[in-house]
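Visitor: give me the fold of what follows.
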Amino acid sequence: MYSRKIALSLAKQFRRCPPSEILKDSSQKTAFERHRKICPYCAVEKGENQSTWDQLVDRMQRLYPSAKTDATDEKTPLEAGQIRTLKSNGVWRDNYFYRPPMVFVVEKTKTLPGAVLVAQIYHDTQMAAPGDLILSEEDTAIGPLFVECWNIYSLQRSLLGPPLDAVSDAIVDAVQTCKHQPEYFPEWGPMPRPMVENDSRIFFRELELEVAYTFSARSVSKIVAEYEKRSSRRFNFAPEEARDMICRAAPGTVWKRMPTSFEEIFAMAALPVEDLPLAAAEKSREQKTANLVCVTGSKVVSVSPVPMEMHGQSGDLVLSGRVRGLPVAFLWSRFICFIETEGESIAPQRCEWNADTGDFMARFPDSPEQEWNLKAAVVIETEE
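Guide: Model prediction:
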């Protein structure tokens, strides 16, 4: 009987085990031996199940071919609703071989030139859960699959391979609606079963976050560098100045310890208690709050709490979520976050922010042994 536990096992192999062409490549031998030491699927010799697995891999590679660097169809313009591959043959990271996922083009981003918003796709609908949009064979020419509307991130447009298919406007509208309203579900779509305790799909989503991080972090490195350069140029306050402006904008604000940078001051400010319930109306997901710091010119004009949903957490502490309640119009924005423990604050190694959707993904060095909280702020610049 095919169960979700079996589906999860296959997903781990499909996403993180090297394919046969890598195994035949002598230059990959050392990397594969390191992989075998940590992978229970590749550690054993080929047995009865290997032929079944090879058949599945061959089928998936025929359906979803990997796009080579020179294979981009330049004549096909980038449009929302396209299903595309990535120009990658796979990436070794932490002794796992991550295969490039198929992605659904959600929209071109307004705030990051050269970038595009994509949602990750997976082929086994057994792993679909609330927040996923299941597409049937009638919806797409490449067979049943589902779009992970909760797993949307930015990629460089130049790193997308050729389109494999394009779906209807109704599907595009549904994905874009889910991007802003996670609880939305179209009437025409199959409804995934709700999550239960210790559901295999919880672990599957952690795996999908790792895949998303692996490829998004690499593909947007140039965009992020430019983004951070422009952000630091726009927002650069002396710590004392930032603290004074926050206190004037929100009297009664306190800090657990003395911050050493304006980033810590903005993210770790504990706003007056009476303000916090305004940002915690929804209870359907794990709710936290972020500080929304509005800047005009070189002055902080307001600070207020906004809802922050946590979507997932992977083993080596990659956190993702979505900030809600952002203004419709602003000139520029920056997402700042730290892990706060009893004795210190820890900055992320990498942080990705999508101002169009409010989605963020942050990778931290290690998971602290003691209890911790995520502290965050969104700094936006508005017109005078």
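
Visitor: what about P144, neighbour count?
Guide: Neighbour count for P144, taken as other Cβ atoms under 10 Å: 16. Every C-beta, even on glycine, is put in place using the N, C-alpha and C of the backbone.

Visitor: do me a favour and average the pLDDT over the one helix or strand D165 maps to.
Guide: Per DSSP states H and E: D165 is located in strand 160-166. Model confidence over strand 160-166 averages 91 on the pLDDT scale.

Visitor: neighbouring strands of that strand in the sheet, and parallel or not?
Guide: strand 82-86 (antiparallel) (DSSP bridges).

Visitor: CA atoms only for the partner strand - export them in CSV, please.
Guide: Output of strand 82-86 as CSV, limited to C-alpha atoms (Å, rounded to 0.1, in the frame of the first residue of the first chain):
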residue,chain,number,x,y,z
GLN,A,82,4.6,29.2,-16.9
ILE,A,83,6.2,26.0,-15.5
ARG,A,84,9.9,26.2,-15.9
THR,A,85,13.0,24.3,-15.0
LEU,A,86,16.2,25.8,-13.6
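
Visitor: still on that earlier bit, can you name the next helix or strand after the strand holding D165?
Guide: Next along from strand 160-166, by DSSP H and E: helix 169-180.

Visitor: may I see the buried residues of that next one?
Guide: Using 16 or more other Cβ atoms under 10 Å as the test for burial, helix 169-180 gives 171-172, 174-176, 178-179.

Visitor: turn the residues you listed into CSV, columns for distance to Y96 and pLDDT.
Guide: Shown next, in CSV, are the buried residues of helix 169-180 (distance: Cβ to Cβ, whole Å; pLDDT from 0 to 100):
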residue, distance to Y96, pLDDT
I171, 32, 94
V172, 32, 94
A174, 32, 93
V175, 28, 93
Q176, 32, 88
C178, 29, 85
K179, 28, 80
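
Visitor: next, format those as a markdown table and append distance to G143.
Guide: Shown next, in a markdown table, are the buried residues of helix 169-180 (distance: Cβ to Cβ, whole Å):
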| residue | distance to G143 |
| --- | --- |
| I171 | 15 |
| V172 | 19 |
| A174 | 19 |
| V175 | 18 |
| Q176 | 23 |
| C178 | 21 |
| K179 | 24 |
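
Visitor: and these, which is closest to C42?
Guide: Nearest to C42 among these is V175, at 34.5 Å by Cβ to Cβ.

Visitor: in this structure that closest one contacts E107, no?
Guide: No: counting by Cβ atoms under 8 Å, V175 does not reach E107; the two are 9.3 Å apart.

Visitor: distance of V116 relative to L159?
Guide: From V116 across to L159, the span is 9 Å (Cβ to Cβ, to the nearest Å).

Visitor: which one of the two has more residues nearby?
Guide: V116 (24 against 21).

Visitor: summarise which helices and strands the helix or strand hosting the more buried one is packed against.
Guide: Per DSSP H and E: V116 is located in strand 115-122. Contacts defined by 3 or more Cβ pairs under 8 Å, 6 or more residues apart in numbering; DSSP states H and E place strand 115-122 against strand 103-108, strand 145-156, helix 169-180, helix 200-219.
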